[in-house]
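Asks: structure of the sequence below:
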Amino acid sequence: MEEKKHSMFSQFKKDVRRRMITGLFLILPVYVTFFVVKFLFGFIGGTLSPVIRRLLQVSGTTLPKSSLDEFIITSLGLILTFASLYFIGIFAANFVGKAIIHYFENLVTKTPIIRNIYSSVKQIIHAIGMPGKESFKRVVFIDFPKEGTKSIGFVTGSTSINNDKKLISVFVPTTPNPTTGFLIYTTEEGVTDSNLTVEDAFKMLFSGGVLTPKDITSPNKTTQSQSSGKNEGHT
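Replies: So this is what the prediction gives:
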């Protein structure tokens, strides 16, 4: 009788644990998404919030005192930020805007220290965000941190040594924070292409390998095996 009670109690604990884990996995994505959206909302909307507060002061309006007032101001800041970006884009597209931007860029690029920071940030943003670029669009595997182990890498560009040997630059991100990592220069033979998209690769990195596809193929190896099979058929 006691053994039966013990068995029932153990089963009850397992059921409780299983249901709690199931609930955790259901609520955790919602929880994380909520805080990410909340952070972005506060970050973007809060950028121009001081401007709105100043306008309220100038117009004689009472400054916000409640959470609802803060929410309204942040929402107005969010709308104002997107509107400002839109009109800046329009301004930058015409002749006068281009001339003014070019003038200020010349000033910045002639300022010591600041020019290095500005040019580096600009190149990174253009490499990632501008259409037609090849950066972060090719996912490969590379032997890192030692031979025989594979790490995910993103091919970000190419260069050459003495105009002879071609090298590709591979960014190897860390997990679960892929915003940091290592820059490695290697040959094309030093990497293995994959059928992974950038989105798939980031899912693997953020999850620490939990969200890994069951099978990862290499397009180059598939092509090589097909060509070798055809050659064998002709012999």
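
Asks: just after the longest helix seen in the chain, pick out the following helix or strand.
Replies: The helix that spans the most residues within the chain, counting by DSSP state H, is helix 2-47. On the C-terminal side of helix 2-47, the closest following helix or strand by DSSP states H and E is helix 49-59.

Asks: hey, which strand is longest across this protein?
Replies: Taking DSSP state E as the criterion, the chain has its longest strand at strand 150-161.

Asks: restrict that one to CA atoms and write it as CSV.
Replies: Coordinates of the C-alpha atoms in strand 150-161 are reproduced here as CSV (Å, rounded to 0.1, in the frame of the first residue of the first chain):
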residue,chain,number,x,y,z
LYS,A,150,33.5,23.4,-36.4
SER,A,151,32.2,26.9,-35.7
ILE,A,152,29.6,29.0,-37.6
GLY,A,153,31.1,31.8,-39.5
PHE,A,154,29.9,34.6,-41.8
VAL,A,155,31.9,35.6,-44.8
THR,A,156,32.2,39.4,-44.8
GLY,A,157,34.6,40.1,-47.5
SER,A,158,37.9,39.2,-49.3
THR,A,159,41.4,40.6,-49.7
SER,A,160,44.7,39.4,-51.1
ILE,A,161,48.4,39.2,-50.0
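
Asks: what lines up beside it in the sheet?
Replies: Note on strand 150-161: by DSSP bridges, its sheet partners are strand 139-143 (antiparallel), strand 165-173 (antiparallel).

Asks: report the buried residues of that strand.
Replies: Using 16 or more other CB atoms under 10 Å as the test for burial, strand 150-161 gives 151-156. Placement of C-beta: from N, CA and C, glycine included.

Asks: can you tell me what sits against that strand?
Replies: With contact meaning CB atoms under 8 Å, 6 or more residues apart in numbering, strand 150-161 is reached by 127, 134-136, 138-145, 166-173, 184-185, 191-192, 196, 198, 201, 204-205.

Asks: let me see the mean pLDDT of that strand.
Replies: Model confidence over strand 150-161, given as mean pLDDT, is 89.

Asks: what's the answer for stretch 60-68, then?
Replies: Per-region confidence: stretch 60-68 scores 67 on mean pLDDT.

Asks: and that stretch, end to end?
Replies: Distance between the boundary residues of stretch 60-68 (CA to CA, to the nearest Å) amounts to 19 Å.

Asks: what residues go with each domain of this structure?
Replies: 1-93, 95-129, 139-218 (automatic domain parsing).
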